[in-house]
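Participant: pasting the structure only:
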């Protein structure tokens, strides 16, 4: 039973560029959430998608956007990258409905120079 | 919004002893409280969780307690082993508001001394 997968594993970008990160949830899970984890801190909630609709958004600027596809995979897009966007971006998968448990992927390490 | 405070930031215990990590939350509507273990360079791993209609939950050497009145919950690890060394995060969620975004504490670095 495959867990949550994310791609790419690592990414180096320059300030001002755009980045797209990808996530595939656990089979049967319909909800995907994105989190940003800065070194030494707990993950911070960015977005949640359920059944292809945005269900919630954390305190992040409009440079951050996401979408969920019919197969429940998801993309996180970040425009006009800043040095402060350097972090581990985690995707979490949830079954949906009355299930609360969220399972994390391995993350994408983004470095902005 | 929700705010989660976690203490201590670092905890060093002798192998075989018990470890306790404490968290407080601010939103009385929060109803789900998971704990994650994150080893260096790895993903956060869900190790135990508790819902607001339960006061305590155990799974082998780990247990979580919840005090809704005090808005306080704790992770207890007994008979600690070297493989318990990691960063532990508590989190809180209000699942009835539509979005399921977890609010995390800042983490506790647990060090098991041989």
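Facilitator: Great, that's in hand. Please read all numbers here as calculations on a predicted model, not as lab measurements.
Participant: show residues contacting stretch B:5-18.
Facilitator: A:42, B:19, B:21-25, B:76-82, B:89-90, B:105-114 (C-beta atoms under 8 Å, 6 or more residues apart in numbering or on different chains). Placement of C-beta: from N, CA and C, glycine included.
Participant: just the closest residue of chain A to chain B, please.
Facilitator: The nearest approach of chain A to chain B comes at residue A:56, 2.1 Å away (C-beta to the nearest C-beta).
Participant: on that earlier part again, may I see the ChimeraX selection of the buried members of the contacts of stretch B:5-18?
Facilitator: Filtering these down to the buried ones (16 or more other C-beta atoms under 10 Å in any protein chain shown) takes a single ChimeraX command:
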select /A:42 /B:19,21,22,23,24,25,76,77,80,89,90,105,106,107,108,110,112
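Participant: on the pLDDT front, check the closest residue to residue B:103 other than its chain neighbours for me.
Facilitator: Spatial nearest neighbour of residue B:103, chain neighbours left out: residue B:2 (4.1 Å); criterion: C-beta to C-beta, 6 or more residues apart in numbering or on different chains. On the pLDDT scale, residue B:2 is placed at 89.
Participant: which residues touch residue B:2?
Facilitator: B:25-27, B:30, B:92-94, B:103.
Participant: the spatially closest residue to residue A:102 that is not a sequence neighbour: neighbour count?
Facilitator: Using C-beta to C-beta, 6+ apart and skipping residues adjacent in sequence, the residue nearest residue A:102 is residue A:92, 4.1 Å away. Counted by other C-beta atoms under 10 Å in any protein chain shown, the residues lying close to residue A:92 total 27.
Participant: quick check: bridge partners of residue A:92?
Facilitator: residue A:33, residue A:104 (DSSP bridges).
Participant: thought it was touching residue A:106?
Facilitator: No - assessed by C-beta atoms under 8 Å, residue A:92 is found out of contact with residue A:106, at 11.6 Å.
Participant: quick check: neighbours shared by those two?
Facilitator: With C-beta under 8 Å, 6+ apart, residue A:92 and residue A:106 have common neighbours residue A:4.
Participant: isn't residue B:84 up against residue B:77?
Facilitator: Yes - between residue B:84 and residue B:77 there is a contact at 5.9 Å, judged by C-beta under 8 Å.
Participant: residue B:108 against residue B:85, yeah?
Facilitator: No - Residue B:108 lies out of contact with residue B:85 (C-beta under 8 Å); the separation is 11.5 Å.
Participant: just the ones in strands from the contacts of stretch B:5-18, please.
Facilitator: B:19, B:21-25, B:76-77, B:89-90, B:108-113 (DSSP state E).
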